[in-house]
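[1] Got a sequence here, can you build the structure:
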Amino acid sequence: MISPSERTFSVNGRTMAARCWHDPSKPPLLALHGWLDNAATFDLLAPLLSDFYIVALDFAGHGRSDHRAAGTRYHILDHVDDVLSVVNQLGWQQFTVMGHSMGAGVASLFSSALPERVKKLVMIEGLGPYTGKPEEAVKYLRTALLEWQDVVDKPPRVIATMAIAVQARMNGLLPVGEAAARLLCARGTRVVDGGLLWTADKRLRLSSPSRISEAQVRAYLAAITAPTLLIMAEQTLPFNAEDYAARVAAHPNLTLVKLAGGHHLHVDDNVYGVAKVVAEFLAQE
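    Got it, this is the predicted structure:
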């Protein structure tokens with residue numbers, strides 16, 4: 001297996017970490033992981049895309065990247081700011097973006113706002129960010145305010161062994177197989193007295209006080225000019241079919257491919273299938 005190198009970036013006083021594969025002289029590709037995952041989600045896929053220099057970023061509060069400052073929340077738009085800072089430090093004027101789940105949402109927002117920077121876009125099990133209904137805005141705000149007061153002062157829970165961490169990840173909200181769980185947990189935990197701690201910031205689990213609407217998402221998708229590949233798993237997450245179809249229709253240059261597997265098919269149950277489709281798409285002129 002090809003061993004990645006590690007790289008760090010300074011972003012607004014925080015350190016952000018990344019795993020990098022292949023020769024830096026090759027065409028650049030930025031890889032963005034999903035919610036509560038980390039850069040190791042690309043550990044099996046990245047070695048198979050050897051025509052690119054791949055930088056897989058740990059989002060703020062994930063993996064080996066620093067948490068956001070005390071007293072601040074996490075919002076998907078803040079991740080877009082971080083991505084811009086990192087690619088500017090890399091000196092990339094134009095590059096390919098590949099995102100999974102939340103990372104696909106961040107990639108779509110970046111690609112819509114700065115289309116001149118994105119050569120091609122690959123979205124795996126994600127087509128824009130998570131949304132909310134405008135009529136439920138007050139409920140979202142109330143929930144977020146009360147959750148914040150309940151959680152911020154609680155001490156982190158120590159995990160006795162890696163085996164327990166792996167089993168917890170296998171049984172998580174978005175389950176994965178044991179091999180994928182081990183990859184994610186190896187980068188998503190740190191050793192402390194008495195066992196391990198998750199490196200993911202506990203604030204990542206809190207509700208957002210405000211959410212983007214479906215109309216906004218469609219506007220973002222309509223502004224993307226880069227040729228885009230959307231990989232959808234056969235065992236995909238439940239999603240409103242009408243909203244999903246509207247998102248697909250909004251994108252002016254989208255290729256949709258459905259593959260066998262679940263939500264984490266790129267690291268769990270269909271790595272080679274994903275690699276083949278992505279490599280063929282990126283090779284097209």
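
[2] need the contact list for residue 125.
    By C-beta atoms under 8 Å, 6 or more residues apart in numbering, the contact list for residue 125 reads 34, 100-101, 104, 231-233, 236-237, 263-266. Where C-beta positions appear, they are placed from N, C-alpha and C, glycine not excepted.

[3] Buried ones among the residues you listed?
    With burial judged by 16 or more other C-beta atoms under 10 Å, the buried subset of the contacts of residue 125 is 34, 100-101, 104, 231-233, 236, 263-266.

[4] I figured residue 161 was touching residue 189, is that so?
    No. Residue 161 lies out of contact with residue 189 (C-beta atoms under 8 Å); the separation is 10.4 Å.

[5] which residue ranges form the strands in the stretch 101-250 of the chain?
    Applying DSSP state E, counting those that start in this stretch to the stretch 101-250 of the chain gives strands spanning 118-124, 189-192, 195-198, 228-233.

[6] now the angle from the first one to strand 228-233?
    When you say that, I think you mean strand 118-124. Relative orientation of strand 118-124 versus strand 228-233 (axes from the mean of the first three to the mean of the last three C-alpha atoms, to 10 degrees): 10 degrees.

[7] Can you give the contact residues for strand 118-124?
    By C-beta under 8 Å, 6+ apart, strand 118-124 touches 27, 94-101, 104, 107-108, 110-111, 224-231, 265-266, 274, 278, 281-282.

[8] tell me how far it is from the chain's mean position?
    With C-alpha atoms, centre = their mean, to the nearest Å as the basis, strand 118-124 stands 13 Å off its chain's centre.

[9] ok, it: who's next to it in the sheet?
    Strand 118-124 pairs in its sheet with strand 95-100 (parallel), strand 228-233 (parallel), by DSSP bridges.

[10] Now render those as CSV, adding distance to residue 13 and mean pLDDT.
    Listed next are these as CSV, based on distance: least, C-beta to C-beta, whole Å; pLDDT from 0 to 100:
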stretch, distance to residue 13, mean pLDDT
strand 95-100, 25, 98
strand 228-233, 33, 97
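
[11] Can you pull out the low-pLDDT segments for this structure?
    Scanning the chain for pLDDT under 70 picks out 1, 152-153.

[12] All the helices of it, residue numbers only.
    Secondary structure of the chain (DSSP state H): helices at 76-90, 102-113, 137-151, 162-170, 178-188, 214-222, 241-250, 271-283.

[13] now, of the ones you listed, which is deepest in the fold?
    Sort the helices of the chain by mean neighbour count, taking mean count of other C-beta atoms under 10 Å, and helix 102-113 sits at the top with a mean of 25.

[14] And the contacts of that helix?
    Applying C-beta under 8 Å, 6+ apart, the contact partners of helix 102-113 are 31-35, 59, 76-77, 79-80, 83-84, 97-99, 117-118, 121, 123-130, 219-224, 226, 228.

[15] Which one's more surrounded, residue 161 and residue 189?
    Just comparing residue 161 and residue 189: by other C-beta atoms under 10 Å the higher neighbour count belongs to residue 189, 19 against 10.

[16] pretty sure that one is touching residue 195, no?
    No. Under the criterion of C-beta under 8 Å, residue 189 makes no contact with residue 195, lying 9.0 Å away.

[17] Show me whatever sits in contact with both of these two.
    With C-beta under 8 Å, 6+ apart, residue 189 and residue 195 have common neighbours residue 159.

[18] Any figure for the gap between the nearest residue to residue 45 once chain neighbours are set aside and residue 125?
    Spatially, and ignoring its direct neighbours in sequence, residue 45 is nearest to residue 266 (5.1 Å; C-beta to C-beta, 6 or more residues apart in numbering). Distance, residue 266 to residue 125, using C-beta to C-beta, to the nearest Å: 8 Å.

[19] what sits in contact with each of those two?
    Residues touching both residue 266 and residue 125 (C-beta under 8 Å, 6+ apart): 100, 231.

[20] how much space between the residue nearest to residue 202 when sequence neighbours are not counted and residue 2?
    The spatially closest residue to residue 202, leaving aside those adjacent along the chain, is residue 151, at 6.3 Å (C-beta to C-beta, 6+ apart). From residue 151 across to residue 2, the span is 39 Å (C-beta to C-beta).

[21] got it, and residue 71?
    As judged by C-beta to C-beta, residue 71 and residue 2 stand 41 Å apart.

[22] got it, and residue 216?
    Distance, residue 216 to residue 2, using C-beta to C-beta: 39 Å.

[23] what's near enough to touch the nearest residue to residue 270 once chain neighbours are set aside?
    In this structure, residue 270 finds its nearest non-sequential neighbour in residue 261, 3.7 Å apart by C-beta to C-beta, 6+ apart. Residue 261 is in contact with 233-235, 268-270, 273-274, counting by C-beta under 8 Å, 6+ apart.
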